[in-house]
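# Fold the following for me, if possible:
(2 chains)
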Amino acid sequence: MHLETDVLIIGAGGAGMYAALEAAKAGASVIIADRSLIGRGGATVMAQMTVAAALGERAPDSWEYHLSDTLAAGRGLCNEDLARLVCEDGPHRIREMDAWKVGWARDGEHIAQVQAPGHDRPRCVYVDVLSTGPAVSKTLRTQLIHAPDIKRVGDLAIVDLVVEDGIVCGAVAHHMPTGTPVTIAAKSVIIATGGLTRLYRRNSASSNMGGDGYALALRAGAELIDMEFVQFFPIGHLAPRLVGMDPIMWDPFRYKLGGKLLNANMREFEDDYATKDKRSDGNYVLTRDLATYAITSEVAAGRGSPAGGAYLSFQHVPEDVLRKNFGPVIDKLAANGIDLTKQNIEVAPIAHYHMGGVRVDTQMRTGVDGLFACGEAIGGSNGANRLSGNAITEAFVFGALAGVEAAKYAKANTSVWSAKAAAPALDLLGSAVKDSSHNLAERVVALQALMADKVGPFRTDAKLAEAIVEIDAMIAELGTRPVSSAAAFDTVLLDWLDLRNMLLVAKSVAVPARARTESRGAHQRDDYPGLDAAWTINQTLSLQGEGFKLDRLVPNAKRVAA
Amino acid sequence: MKTKLEIKRGAPGETPHVQTYDVKFEAGQSVLDGLRMIRRDTDETLAFRFACINANACKECMMVIDGDIDYACTTRLKEGVMKLSPLPKKALVRDLVTEIAPPDERLKITP
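Below you'll find the predicted structure:
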């Protein structure tokens, strides 16, 4: 099957859907494709609470204060022009979503704004109760349905971008329900595939977040930036077993109710790891990178909880207060056998977000003509550590911008679609052999374990070197010929295609992580503790033949973070 | 703990067959956990839908579990035997996967 469009958008989370809306508004025809269903996969639907924007509804605020906090969290590596876009345009998008009836929680007549770690004032909006992501996804999908000229296609896995003479002109895809190859000619393509958290054993990702977009971008000739910075969310749910809930659900509880983080001796330990600054608010002492460090260090010192994390206690909060704030959630917890008034739960760091990604300019252009990227899939705006609440905001802002710019590009250029350039990806799919003896699902699990153990939040040269050798061995073992099991919903072929991307992306994290001989933000080296001012640089990475080309840049920073 | 998952399998045009998998599990684990363990440990060809992995956010893992339509991610594994089959009123894709997206969000391809 062959499709044609002005703009192809890969990924239907918050960024992709916003891009589609703005591209259509600019008069372009749009195909938005997702390997899950539209508005159901990706990270957006999983978001439970905070979205940061300087609305000034509860306390006077300005985008410049938000920017100052964003740059401080980024530990000197933010691309300031990109971070500024998020902070400056964020309030406009939050109010646009409000007009689309997303249902931001109200505090009297005002949109409610809560305090989150790293912010100098209450700045984060949300939808009750723990419904931010589903509400955002649903609102954007409703807008898509009513927009002209947007074709929504679920169950479509993009295999490769098609590049003709250095210009991206479309993509080759695998139609999951039938196994049919699909070619899509597009004048411009937007990567909105989110992050790579599926690479890790414990993660808060959707199953389609194995970093496809990074692999697509690399193979098309684009550059990645800051790939060594993977954000671990410090208090991901660990025990007892909890189903039907996002593992990052405890954050909103802490925003609203406090919550005590305790070690095995039932002692609060966050203060031991705090660098005192004005961003401590009493409820929250540590930013995400420091909290991850604190919990992991307590476990390493033999003071962890039984399941290998820390205790989180809400036993000081009266039952009626718990119920008033989180009623429906308290019922879900009861169904899981958890009573917060009587017991502590256990939490531990969990892979949550990727700071790194496709390198873009302020028009969301990659270095490859016709190729744009947005949302979590891009790198640069968050530096070494993302400020809490900025992920959904950047999805809106960068998504909208990418949509406008990709539409503009599509109008100014004619299609350079080339069936010949699409042939290698079609041949790859066509070469698949029936074989289900490899158990690739187990290899995915093995890769997740390898990444968690050797390319996790705490790294050493030895562990990273081993990881690179093992990833290379897995790449060799996977081979260049896909395997398949069935025509319809071919789980074996999908695992093969996923592993092809995941292994490339895993290596693109491990290689710059090994090169960065310091500790900064989300990248912590046991063998190089402490920040090294000489490493106030961004690393970029591109494919060169069979290997990676690693380069260094001075960060685009104009102001000094307050 | 142990359970047997009896899963109705097959693609359109094939005679459906029931395949039984022995699954070891820990208290509190979900049917979706069990299905993912089957793929990891014994049969990677088994097809079922999910995106959000046990958060009950994506609503993709709906199927018939012991006669009732339910989410695999919020239904717990229990000892004994559990019967799983695809949604009865949706077009079958394969095994436990059905066409659950609205028609205008699908490509119309006749295999």
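# Please name every helix or strand in contact with the helix or strand that contains A:V299.
Taking DSSP states H and E as the criterion, A:V299 maps to helix A:288-300. Under the contact definition 3 or more Cβ pairs under 8 Å, 6 or more residues apart in numbering or on different chains; DSSP states H and E, helix A:288-300 sits against strand A:230-239, strand A:260-262, helix A:270-273, strand A:310-313, strand A:345-354. To be clear about C-beta, it is placed using only N, CA and C from the backbone, and glycine gets the same treatment.
# if I pick the residue in chain B that chain A sits nearest to, what's in contact with it?
Nearest residue of chain B to chain A: B:G28, at 3.1 Å (Cβ to the nearest Cβ). With contacts defined as Cβ atoms under 8 Å, 6 or more residues apart in numbering or on different chains, the neighbours of B:G28 are A:240-243, A:336-337, B:76.
# do the same with A:L493
So A:L493 contacts A:174, A:179, A:432, A:482-485 (Cβ under 8 Å, 6+ apart).
# Would you mind giving these as TSV with secondary structure added?
Listed next are the contacts of A:L493 as TSV, based on DSSP: H, G, I helix; E, B strand; the rest coil:
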residue	secondary structure
A:H174	strand
A:G179	coil
A:A432	coil
A:P482	coil
A:V483	strand
A:S484	strand
A:S485	coil
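# I'd like to know which of those residues is nearest to A:G545.
Proximity of those to A:G545 was ranked by Cβ to Cβ; the top entry is A:P482 with 22.0 Å.
# The closest one: how many residues sit nearby?
For A:P482, the count of nearby residues is 24 (other Cβ atoms under 10 Å in any protein chain shown).
# So out of everything in the stretch 301-450 of chain A, what residue is nearest chain B?
Per Cβ to the nearest Cβ, A:A441 is where the stretch 301-450 of chain A lies closest to chain B, at 4.2 Å.
# Quick check: pLDDT value at A:V243.
What the model reports for A:V243 is a pLDDT of 85.
# Make sure A:A171 is actually in contact with A:L8.
Yes. In this structure A:A171 lies within contact range of A:L8 using Cβ atoms under 8 Å: 6.1 Å.
# For the two, list the residues in contact with both.
A:184, A:186, A:189.
# List just the nearest of these to chain B.
Among the shared contacts of A:A171 and A:L8, and counting by Cβ to the nearest Cβ, the member closest to chain B is A:I184, at 10.4 Å.
# For the closest one, grab the count of nearby residues.
For A:I184, using other Cβ under 10 Å, the count is 26.
# Break down chain B into its helices, ranges please.
Ranges of helices in chain B, per DSSP state H, are B:31-41.
# count of neighbours near residue 85?
All of this is about chain A. Residues near A:L85, counting by other Cβ under 10 Å: 20.
# Sorry, I should have been clearer: chain B.
B:S85: 19 neighbours (other Cβ under 10 Å).
# where does chain B have low pLDDT?
Low-confidence segments of chain B (pLDDT under 70): B:111.
# what's the longest helix in chain A?
helix A:491-515.
# for the record, mean pLDDT for that one?
98.
# Following the chain onward from it, which element is next?
strand A:524-525.
# Could you name the helices and strands sitting against that next one?
strand A:458-459.
# so the helix or strand following the strand it packs on versus helix A:491-515, what angle?
Using DSSP H and E, the helix or strand that follows strand A:458-459 in sequence is helix A:461-478. Angle, helix A:461-478 to helix A:491-515, by axes from the mean of the first three to the mean of the last three Cα atoms, to 10 degrees: 150 degrees.
# and the stretch 451-562 of chain A, which residues reach chain B?
The stretch 451-562 of chain A comes close to chain B at residues A:485-489, A:491-492, A:495, as judged by Cβ under 8 Å from any Cβ of the partner chain.
# what do you get if the cut-off is 10 Å, keeping everything else the same?
A:483-492, A:494-495 (Cβ under 10 Å from any Cβ of the partner chain).
# chain center to stretch A:417-435: distance?
29 Å (Cα atoms, centre = their mean, to the nearest Å).
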